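J.: Could you look at this predicted model? Sequence included:
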Amino acid sequence: MKLTPDPEIEEFRAEFAAFLDANLPSAEEAFPRPKSSADIPEWARRWQRKLFDAGWLLPGNPPEYGGRNATLPQQLAHLEELSRRRIYHSFNPQGLGIVAASLLTFGTEEQKRRWAAPILRAEITAALGMSEPGAGSDLAGLRTRAVLDGDEFVVNGQKVWTSGAHDADILLTFVRTDPDAPKHKGISVLVIPTDSEGLVRRPFGSIAAPDDYDFNEVFFTDVRVPRENLVGPLHGGWGVAHGSLGHERTLLWLSYADWMSYLIEDSPSTEEWYATLLMDLQAIRLLGYRQLAGGRDPAELSVLKLFGSEAVQEASLHALEEHGPDSLVHPTLTAPYNHMDLADHYASWFERYARSFGGTIAGGTSEIQRNIIAERILGLPRG
């Protein structure tokens, strides 16, 4: 599915395309490369600020937050143009698409000015502190504690899989503030600066490479956080979590559509799997655009997340198998180098397949998505 031709939409798209033609950094300017999902090199910070100032960072936002109050079809045209040119939207995707979005939805005006706007302008970067060793997809099972002591929270506990934490300036952190409440209650959300005393970040490698440092363990030992850093109501973090996960799953399905497009472009085939991939891309666009249009059950994002992540993983495996022994050569390129894209989007077929597993885990595992679909969409009883 593509947007139907509309003179106003095409004019909007042409204006953005002209902006990109006139302002896109050159390959020579685009060094050094990002080292994690919260590492934005200075050239990329300048580029993101230019997008922000021109209203092209998030066109649906008001001008003070990097947009131009664009309509939904205009926003989709903007994303399509980025995808067509294989331009990665921001090298701090969680900061832009989840943390700043959550602050704009649930934060106070002061929090929006203090943190959301600087994230959008790439003046600071952010990471999301949700998963824990014993509570990955089961967010309600988190055990990191925050005890209110006067005008400060004292935080103790651990997070894991915290993407980009070692390069981030702040963490949007989910903590338990009422241990006696039911597990879905008593959760609060804090903005915690990563230079806080007692906060330790330990990056570790991934399946792609032992020196592929994006994931982190984060430890909190008597970390003191001002009460003014509380996002949303005290003990009301479950609602914020649903909003944050909604932002994350929207971000994810859009990225799955891009990955499918790249697989189609980079690995043309006459095999049946390739035809399935073509249809899967059309299906996720149709379902996603319908969901973005509003008025639908937010649980439908779980359908998009489950379908998109597993379709990408299956197609990545077929591409790996079809390219034979050469697909295991690592590192290598499977598409032309693109200085405005992530390196793993044109890395070896082994790496592209290995990274597809993260898609079935991030934002809630496939098992969790199936439970949500069964209970909240199909109305099935809990087993």
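T.: Yes, it's here.
J.: Quick one: residues contacting the most centrally placed residue in the chain.
T.: What sits nearest the mean C-alpha location of the chain, by C-alpha atoms, centre = their mean, is residue 94, with 4.4 Å. In this structure, residue 94 makes contact with 37, 38, 126, 127, 128, 163, 164, 248, judged by C-beta atoms under 8 Å, 6 or more residues apart in numbering. C-beta: built from backbone N, CA, C; applies to glycine.
J.: from the residues you listed, which two are the most distant?
T.: Greatest spatial distance in these: 38 and 248, 15.0 Å, computed using C-beta to C-beta.
J.: higher neighbour count, the two?
T.: Neighbours per residue (other C-beta atoms under 10 Å) separate residue 38 from residue 248, with residue 38 holding more: 30 against 23.
J.: Are any of the contacts of residue 94 buried, and if so which?
T.: Burial by neighbour count, judged by 16 or more other C-beta atoms under 10 Å, picks out 37, 38, 126, 127, 128, 163, 164, 248 from the contacts of residue 94.
J.: how about the strands in the stretch 151-300 of the chain?
T.: 152-160, 170-176, 187-193, 199-203, 216-226, 230-231 (DSSP state E, counting those that start in this stretch).
J.: Could you identify which of those strands is most buried?
T.: Compared across these, strand 170-176 shows the largest average neighbour count, a mean of 27 (mean count of other C-beta atoms under 10 Å).
J.: relative orientation of that strand and strand 216-226 in degrees?
T.: Going by axes from the mean of the first three to the mean of the last three C-alpha atoms, to 10 degrees, strand 170-176 is angled at 80 degrees with respect to strand 216-226.
J.: what's strand 170-176 packed up against?
T.: Applying 3 or more C-beta pairs under 8 Å, 6 or more residues apart in numbering; DSSP states H and E, we find strand 170-176 packed against strand 126-129, strand 145-149, strand 152-160, strand 187-193, helix 237-266.
J.: how close does residue 177 get to residue 135?
T.: Applying C-beta to C-beta, to the nearest Å, one obtains 15 Å for the distance of residue 177 from residue 135.
J.: quick one: which of those two has more around it?
T.: residue 177 (22 against 19).
J.: quick one: contacts for that one?
T.: Remark: with contacts taken as C-beta under 8 Å, 6+ apart, residue 177 is in contact with 145, 146, 147, 148, 153, 186, 187, 188, 234, 235, 237.
J.: Of those, select the buried ones using a ChimeraX command.
T.: In ChimeraX syntax, the buried subset of these is picked out as below (16+ other C-beta under 10 Å):
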select :145,146,153,186,187,188,237
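J.: Name the nearest residue to residue 281, sequence neighbours excluded.
T.: Counting by C-beta to C-beta, 6 or more residues apart in numbering, residue 260 is the residue found nearest to residue 281 once chain neighbours are left out, at 4.3 Å.
J.: scratch that, residue 147
T.: With C-beta to C-beta, 6+ apart as the criterion, residue 147 has its nearest non-adjacent residue at 5.0 Å, and that residue is residue 154.
J.: re the thing from before, between the helices and strands packed on strand 170-176, which one is closest to residue 219.
T.: Ranking these by their distance to residue 219 (criterion: C-beta to C-beta) puts strand 152-160 first, at 5.3 Å.
J.: my read: residue 93 touches residue 251, true?
T.: Yes: because the distance of 6.5 Å satisfies C-beta atoms under 8 Å, residue 93 is recorded as touching residue 251.
J.: just to revisit the earlier point, in which helix or strand does the residue nearest to the centre of the chain reside?
T.: Secondary structure here is read from DSSP states H and E; on that basis residue 94 sits in helix 93-94.
J.: Tell me which helix or strand comes right after that helix.
T.: Later in the chain than helix 93-94, the nearest helix or strand by DSSP H and E is helix 100-106.
J.: ok, now which ones touch residue 152?
T.: 224, 225, 226, 227.
J.: that older thread, correct me if wrong: the residue nearest to residue 147 contacts residue 144.
T.: No: between residue 154 and residue 144 there is no contact under C-beta under 8 Å: 11.5 Å.
J.: Output stretch 325-342 in CSV, but only the C-alpha positions, please.
T.: Only the C-alpha atoms of stretch 325-342 are listed here, as CSV (Å, rounded to 0.1, in the frame of the first residue of the first chain):
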residue,chain,number,x,y,z
PRO,A,325,28.4,-19.8,2.1
ASP,A,326,29.0,-16.2,1.1
SER,A,327,26.3,-15.1,3.5
LEU,A,328,28.5,-16.2,6.4
VAL,A,329,31.4,-13.9,5.4
HIS,A,330,31.4,-11.3,8.2
PRO,A,331,31.9,-8.4,8.1
THR,A,332,31.0,-7.5,4.6
LEU,A,333,28.4,-5.3,2.8
THR,A,334,25.2,-6.6,1.2
ALA,A,335,24.1,-3.3,-0.2
PRO,A,336,25.9,-0.1,-1.1
TYR,A,337,27.4,2.0,1.7
ASN,A,338,25.0,4.7,2.9
HIS,A,339,26.3,7.3,5.2
MET,A,340,22.8,8.3,6.4
ASP,A,341,21.8,4.8,7.4
LEU,A,342,22.7,2.4,10.1
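J.: list the buried ones in that stretch?
T.: By neighbour count, and taking 16+ other C-beta under 10 Å as the criterion, the buried residues in stretch 325-342 are 327, 334, 335, 338, 339, 340, 341, 342.
J.: Now the closest residue to the last one other than its chain neighbours, what are its backbone angles?
T.: What that stands for is residue 342. With C-beta to C-beta, 6+ apart as the measure, residue 88 is the residue that lies nearest to residue 342, at 5.3 Å, once sequence neighbours are left out. The phi and psi values for residue 88, taken as degrees, to the nearest 10, are phi -70, psi 130.
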